[in-house]
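Colleague: sequence first, predicted model second:
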Amino acid sequence: MVFELGWPQAPIQWVVSVLVFTAHLLVAARALTRPNRAPASRAAWVAVIMLAPLLGMFAYLLLGETSIGRARARRLRQTVLMLQAADDLHDTAAAAIDGKAASLFVLAQSINGFVPQPGNRIVLLGAAQSLANAPTEDCRAAMDQLVQDISQAQQSVHIAFYIWLDDGAGGRVAEAVAAAARRGVACRVMVDALGSRAFSGSPRWSQLQQAGVKLVRTLDDLTRVQHVAFSRMDLRDHRKIVIIDNCIAYCGSQNCADPEFRVKPRYAPWIDLLLRCQGPVVAQIQRLFLSGWIPETGEQGLDAFAAATMQPQFDDGCLAMAFETGPVTRHNAMTDMFVACIYAARHELIISTPYFVPDEALLRAICAAPRRGVRTRVIFPRHNDSWLVGQSSRSTYADLLQCGVEVHEYPLGLLHAKSLTIDGEIALIGSANMDRRSLELNFENNLLIADSAVTSSIVQRQQGYLSVSEPVLLSQVMAWPLATRLVHNAVAMMSPVL
C-alpha cells in the first residue's frame, strides 16, 4: 500500500527536475549570448546562475536584462524621429570647432544627432569658494534661482527630476510651479516613479494636480508582473532638467531637495552642481525632456517646443551641446564619452563623482592619464550612501594610486556633483555617474561645454572640494587588512550583476 501511494511521486519529481534543469541551462545560455554585454558581466552572471541555480535564475529574471518593454521602446524611437523632424537645429551644420574639443563633439553628436551650438550663456549657480559651508550655500542659491525663474515664467515650465522631496527647497519649487499653473502657464512635471515615490504619493502631488500641472511618474510599470521576466525592474529615469519658457534651462546633478536630504540624513549634506543655460542649447535640453514626456503620456502637439528658431545667440556665448544616454541609445555611449574626454586631456584632468564603479575601459583610461603626463585628480565622498558602491570604489584605489592618479575623499557630506574638466577648457556636467547604472542602465542627461570661462568656474568649484578633501596615500591602501581587501574585491567582482 505504501508502494502504491508513493510511486506516482517519482515521475512528478523527475519531470520537475528536468524542467528546472532545462530552465537553468536556458537562463545561463541567455546570460552568455545576450548582445551588448561585456565579458566580465557575462562571467559574473553565469557564476551566479551556476553556483546558486534557483536564486541565480530568479535574480537574472529580475535584474539580468535591460529591456524597458517593446511597446515603450517603440514609442521612444518614434518620438525621437518626430522631434528630429521638428528640430531646426538637428540638421544644421555644426559650428567650426578647433582643437581637442572637435572630436568630443563629433562623438557626442553620434549619440542623439544633436550638433554643437555656439552663442550659449551658461552660468554655474552659487559662489565658487573654498569655505567649508560654501557648497551647501551654493546648492541653496541654485534652488533659489530656479524658484525665481519659475515665478517669472509666462508660457511653459517643464521639469524632470529623479528625486523630488517635499522639504524646504522641494516645497518652494512645488509652490512656484503650482502658482505658475494657476496663472495659465503650461506646467509639466515628470519624476521617476521609484526615486520620487514619496513625493508622488504626498499631498504636495495632489496640490500640483489641482493647480492644473500635468504630472507623470516615469517607468511606473516596470515592477509589474507582466514586465518582470527578462526585464530589469530597477531601470530608472535619472535625468535632472528644467526648461522655462523654452529660453532658460537647468542641467546638472542636483535633485529637487534640500542639501540636508532628509531621507538619508546620515550622509548629508548632499553637494551638487547646477548650471543655468540660455541660448540654442536650451532647445536640445527641451528635446531631452520631450523625449521622455511624450512616450510616457502620449501628449501630441508639442513639436514646436523642439524648434530653436526663437533661441537667442549671445555674442560672448560659449559652445555647448546636450546629449542623453539610456537603455535605447547606443550601447557604451556614456562610457565612450567619459573615455574620450579623459584621453583628450593633455595637462590637467579633474573628476568628481559620488558613485565610482568603472568598467575596464574607463578605469584603464583614468590610469593611463598620469602616465601621459596629465595631472589627474579624482574626488570621491568618504562616506557613500551605497555600501556596495563604496566597497567597489575602494577596490580601484590601489590601481589608481600606483599609476599616479591623485585620489581624494571629501569628508563633509556626500559629494554628489558629477563633474569632469579637461585642461581648464572643456567640461562635462550632468546626471551620469561613473558606475554601472549610469553607464548601462539609467536614462541620463549631460552637457558638453567648450569654453575656458565656464570651465574655469567649474574648476574653481572643484578646487573648493579639493581644499577640504583628504588625499588617500598608497601606503594607507597597502596597509588595509586582508579582510578589508577581500570585501572590496569580492564586491567589485560582482559589480556587473549589481
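Modeller: Now that the structure is in, tell me what you want to look at. Numbering: from 1, shown residues only.

Colleague: host element of Val191?
Modeller: In this structure, Val191 is located in strand 186-192 according to DSSP states H and E.

Colleague: repeat for Gln300
Modeller: Secondary structure (DSSP H and E) places Gln300 outside all helices and strands.

Colleague: that one - how many residues pack around it?
Modeller: For Gln300, the neighbour count with other CB atoms under 10 Å is 8. To be clear about C-beta, it is placed using only N, CA and C from the backbone, and glycine gets the same treatment.

Colleague: so, low pLDDT: which residues of the stretch 101-250 of the chain?
Modeller: The model of the stretch 101-250 of the chain has pLDDT under 70 over residues 127-134, 222-234.

Colleague: where do the strands sit along it?
Modeller: Secondary structure of the stretch 101-250 of the chain (DSSP state E, counting those that start in this stretch): strands located at 117-124, 156-161, 186-192, 214-218, 241-244, 248-252.

Colleague: how about TSV for these, with mean neighbour count added?
Modeller: TSV is the format used below for the strands of the stretch 101-250 of the chain (neighbours: other CB atoms under 10 Å):
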stretch	mean neighbour count
strand 117-124	22
strand 156-161	24
strand 186-192	24
strand 214-218	19
strand 241-244	25
strand 248-252	26
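
Colleague: and the ones you listed as a markdown table, adding distance to Ile271?
Modeller: What follows is the strands of the stretch 101-250 of the chain, written out as a markdown table (distance: least, CB to CB, whole Å):
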| stretch | distance to Ile271 |
| --- | --- |
| strand 117-124 | 13 |
| strand 156-161 | 17 |
| strand 186-192 | 21 |
| strand 214-218 | 26 |
| strand 241-244 | 19 |
| strand 248-252 | 12 |
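
Colleague: CA atoms only for stretch 475-484, dumped as PDB, please.
Modeller: Written as PDB, here are the backbone C-alpha positions of stretch 475-484 (Å, rounded to 0.1, in the frame of the first residue of the first chain):
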ATOM      1  CA  SER A 475      50.800  53.400   1.800                       C
ATOM      2  CA  GLN A 476      47.400  53.600   3.500                       C
ATOM      3  CA  VAL A 477      45.800  51.500   0.900                       C
ATOM      4  CA  MET A 478      48.500  48.800   1.000                       C
ATOM      5  CA  ALA A 479      48.200  48.700   4.800                       C
ATOM      6  CA  TRP A 480      44.500  47.800   4.700                       C
ATOM      7  CA  PRO A 481      43.800  44.400   6.400                       C
ATOM      8  CA  LEU A 482      43.400  41.400   4.200                       C
ATOM      9  CA  ALA A 483      39.700  41.100   5.200                       C
ATOM     10  CA  THR A 484      39.100  44.600   4.100                       C
END
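
Colleague: ok now it, how far from the chain's centre?
Modeller: Here the centre of stretch 475-484 is set off from its chain's centre by 31 Å, with CA atoms, centre = their mean, to the nearest Å.

Colleague: quick one: mean pLDDT over that stretch.
Modeller: Averaging pLDDT along stretch 475-484 yields 95.

Colleague: buried residues, that stretch. List them.
Modeller: With burial defined by 16 or more other CB atoms under 10 Å, the residues of stretch 475-484 counted as buried are Val477.

Colleague: likewise stretch 343-362?
Modeller: Within stretch 343-362, the residues that count as buried by 16+ other CB under 10 Å are 343-345, 348-359, 362.

Colleague: how about stretch 136-150?
Modeller: Along stretch 136-150, these residues count as buried under the neighbour rule (16+ other CB under 10 Å): Thr136, Asp138, Cys139, Arg140, Ala142, Met143, Gln145, Leu146, Val147, Asp149, Ile150.

Colleague: can you check stretch 22-31 too?
Modeller: Counting neighbours by 16+ other CB under 10 Å, one finds that the buried residues in stretch 22-31 are His24, Val27, Ala28, Arg30, Ala31.

Colleague: contacts for the helix or strand hosting the third one?
Modeller: Taking DSSP H and E as the definition, Ala28 sits inside helix 9-33. Contacts of helix 9-33 from elsewhere in the structure, counted by CB atoms under 8 Å, 6 or more residues apart in numbering, are 42, 45-46, 49-50, 53-54, 56-57, 60-61, 64, 230.

Colleague: and these, which two are the farthest apart?
Modeller: Using CB to CB, those reach their maximum pairwise distance at Arg42 and Leu54, which is 20.2 Å.

Colleague: which strands and helices sit next to the helix or strand where Ile429 lies?
Modeller: Using DSSP H and E, the secondary-structure element containing Ile429 is strand 426-430. For strand 426-430, the helices and strands in contact under the criterion 3 or more CB pairs under 8 Å, 6 or more residues apart in numbering; DSSP states H and E are strand 248-252, helix 333-344, strand 419-422, strand 444-450, helix 452-468.

Colleague: just the CA atoms of that strand, as CSV, please.
Modeller: These are the backbone C-alpha positions of strand 426-430, laid out as CSV (Å, rounded to 0.1, in the frame of the first residue of the first chain):
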residue,chain,number,x,y,z
ILE,A,426,36.3,71.7,-21.6
ALA,A,427,33.7,70.4,-19.1
LEU,A,428,31.3,67.5,-19.0
ILE,A,429,28.5,68.1,-16.5
GLY,A,430,25.2,66.2,-15.9
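
Colleague: how about the most centrally placed residue in the chain, what does it touch?
Modeller: Residue closest to the average C-alpha location in the chain (CA atoms, centre = their mean): Ala432, at 3.0 Å. For Ala432, the contacting residues are His238, Thr325, Met334, Lys418, Ser438, Leu439, Asn442, Glu444, Asn445, Asn446, taking CB under 8 Å, 6+ apart as the criterion.

Colleague: surely the first one meets Asp435?
Modeller: No - proximity of His238 to Asp435 does not meet the contact threshold set by CB atoms under 8 Å, at 10.9 Å.

Colleague: hmm, back to that, tell me which of Arg42 and Leu54 has more neighbours.
Modeller: When Arg42 and Leu54 are compared on other CB under 10 Å, the one with more neighbours turns out to be Arg42, at 15 against 11.

Colleague: so how far is the first residue of stretch 263-279 from its last?
Modeller: Stretch 263-279 has its terminal residues 36 Å apart, counting by CA to CA, to the nearest Å.

Colleague: what comes up buried for that stretch?
Modeller: Using 16+ other CB under 10 Å as the test for burial, stretch 263-279 gives 267-279.

Colleague: which single one of those is nearest to Ile294?
Modeller: Closest to Ile294, out of all of the buried residues of stretch 263-279 and judged by CB to CB, is Cys277, at 21.7 Å.

Colleague: host element of the closest one?
Modeller: strand 274-278.

Colleague: quick one: contacts of that strand?
Modeller: Contacts of strand 274-278 with the rest of the structure, by CB under 8 Å, 6+ apart, involve 120-126, 139, 142, 145-146, 149, 247-254, 285, 312, 314, 320, 429, 447.

Colleague: related to what we said a few turns ago, just send the helices and strands packed on strand 426-430 back as CSV, with distance to Arg72 too.
Modeller: As requested, the helices and strands packed on strand 426-430 are arranged in CSV below (distance: least, CB to CB, whole Å):
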stretch, distance to Arg72
strand 248-252, 24
helix 333-344, 19
strand 419-422, 30
strand 444-450, 17
helix 452-468, 35
